[in-house]
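Visitor: sequence and predicted model, in that order:
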Amino acid sequence: MTAYAFWNNKGGVGKSFLSFVAATEYARTYPDTDVYVIDLCPQANISEMLLLNAEMLIDYDDMSLISYDVIHRNYDVIHKLIEKKPRCTVAGYLEARLNSPFRPIEDVSPYVCRPRDFNTKLPVNLQLVCGDYLLEILSEAIRQTSQLAIPVDAWKQVINWIKDLTMTLRQRSGNRDALFILDCNPSFAIYTQLALAAADNLVVPFTPDDSSRRAVENVVALLYGNGMGDPKIETYAKINFANRAREEGLDIPKLHTFVNNRITLYRGKASKAFEAVSESIKETVDALHKKHRQIYATPEELPSKRFIDVPDYHSACVVMTVKGIPLDSLQAGPNRLGDKQIQLNSEPLERYRKALTKFVNCL
């Protein structure tokens, strides 16, 4: 069993999209492996991508265009999961844990769905613990439960709630292999901490801009208590989650892969501005590696060697996520969305597919 958390302390870098690609492609490539997606983001973006299948809504007899109103009505899939008793979502599972904080739940099947039941393009071995807006509301109750004086290890037990879920799902898979994809919210809220504590490895997507460089530094400070030489950050990093995790003997995920996402290409190469920022981030993580190799999944090699460059192809990304189409099923040619016709050209699409496939092969 291996669990990957997708996280950066910055929004809009493509965490949910890359989680979608990783989960669907891995499940397709390895049909004998159960791939579980656990959506730990109140916005439930990856759940929407997996469950909203606009293709099911087209009347091919008159080739009606998809309207966004119709697509939004298909959010009923998620609402139906939320309305179940108990909620068939990650929030439903966490509500059950709040009712019995220090006793694992043996039967977690009420909180798991199979996306293929709603979107036939997806592999049958892909399963989902759906995201839920209630996650934000529950966060304060979860935090307070973790601060209880009794039992003395209350914090560690609560932080391991999602890890307990992965272990139970692993048992549910029996003799089959299991892989977990955990999509995280950019914030370092308690539910993000639960996700990270459940992961073996951390995938850090970023976009080549200076705010992403600072966000990568925040990841290191928040998760490992290292301020990258900044004395102000060092002071606070030593008293936060990282220090508490060490004191409690909590496993923290290793830095696994950095995904340089949405690179603008000029004549087949990254623009000089993007390349300069990317090099700055590589220098940052390589410098950290010299002093703290133990926080990397592959300590024997420089982390910059595990950078994956994904070119920007916004049209393909939109078609995949709005229509629920996995990477292997995406075809060049015209695609209709709403009142627009989007053309996917074969050359950039193949370049995009090749980069994303290389990323999935790293897992």
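Guide: Structure received.
Visitor: so where's this structure shaky on pLDDT?
Guide: Counting by pLDDT under 70, the ranges of the chain that qualify are 53-75, 227-239, 263-273, 338.
Visitor: and the longest helix along it, what other elements does it pack with?
Guide: Identified as the longest helix of the chain according to DSSP state H is helix 272-291. Judged by 3 or more Cβ pairs under 8 Å, 6 or more residues apart in numbering; DSSP states H and E, helix 272-291 is in contact with helix 210-224, strand 254-263, strand 307-311. Every residue, glycine included, has its C-beta placed from N, CA and C.
Visitor: mind redoing it with 10 Å?
Guide: strand 201-206, helix 210-224, strand 254-263, strand 265-266, strand 269-270, strand 307-311 (3 or more Cβ pairs under 10 Å, 6 or more residues apart in numbering; DSSP states H and E).
Visitor: thought residue 333 was touching residue 315?
Guide: No. Residue 333 is beyond contact range of residue 315, at 11.7 Å (criterion: Cβ atoms under 10 Å).
Visitor: what's the overlap in contacts for these two?
Guide: Common neighbours of residue 333 and residue 315, counting by Cβ atoms under 10 Å, 6 or more residues apart in numbering, are 342-345, 349.
Visitor: ChimeraX command for the buried members of those residues?
Guide: Selecting the buried subset of those in ChimeraX, with 16 or more other Cβ atoms under 10 Å as the burial test, is done by:
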select :342,344,349
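Visitor: take the shared contacts of residue 333 and residue 315 and keep only those in strands.
Guide: 342-344 (DSSP state E).
Visitor: list the buried residues in the longest helix of the chain.
Guide: Here helix 272-291 shows 274, 277-278, 281-282, 284-285, 288-289 as buried, counting by 16+ other Cβ under 10 Å.
Visitor: related to what we said a few turns ago, and the ones in strands among the shared contacts of residue 333 and residue 315, which is closest to residue 329?
Guide: residue 344 (12.2 Å; Cβ to Cβ).
Visitor: give me every residue that touches that closest one.
Guide: Here residue 344 is in contact with 313, 315-316, 319, 330-335, 352 (Cβ under 10 Å, 6+ apart).
Visitor: buried ones in stretch 86-102?
Guide: 87-97, 101.
Visitor: what about it, how long is it end to end?
Guide: 19 Å (Cα to Cα, to the nearest Å).
Visitor: chain center to it: distance?
Guide: Centroid displacement of stretch 86-102 relative to its chain, using Cα atoms, centre = their mean, to the nearest Å, is 21 Å.
Visitor: just put the contacts of residue 344 in a markdown table and tack on neighbour count, secondary structure and distance to residue 294.
Guide: Listed next are the contacts of residue 344 as a markdown table, based on neighbours: other Cβ atoms under 10 Å; DSSP: H, G, I helix; E, B strand; the rest coil; distance: Cβ to Cβ, whole Å:
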| residue | neighbour count | secondary structure | distance to residue 294 |
| --- | --- | --- | --- |
| 313 | 21 | coil | 36 |
| 315 | 18 | helix | 42 |
| 316 | 23 | helix | 38 |
| 319 | 21 | helix | 41 |
| 330 | 18 | coil | 39 |
| 331 | 11 | coil | 45 |
| 332 | 15 | coil | 45 |
| 333 | 10 | strand | 49 |
| 334 | 9 | strand | 51 |
| 335 | 21 | strand | 46 |
| 352 | 21 | helix | 35 |
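Visitor: with that, I have no additional questions.
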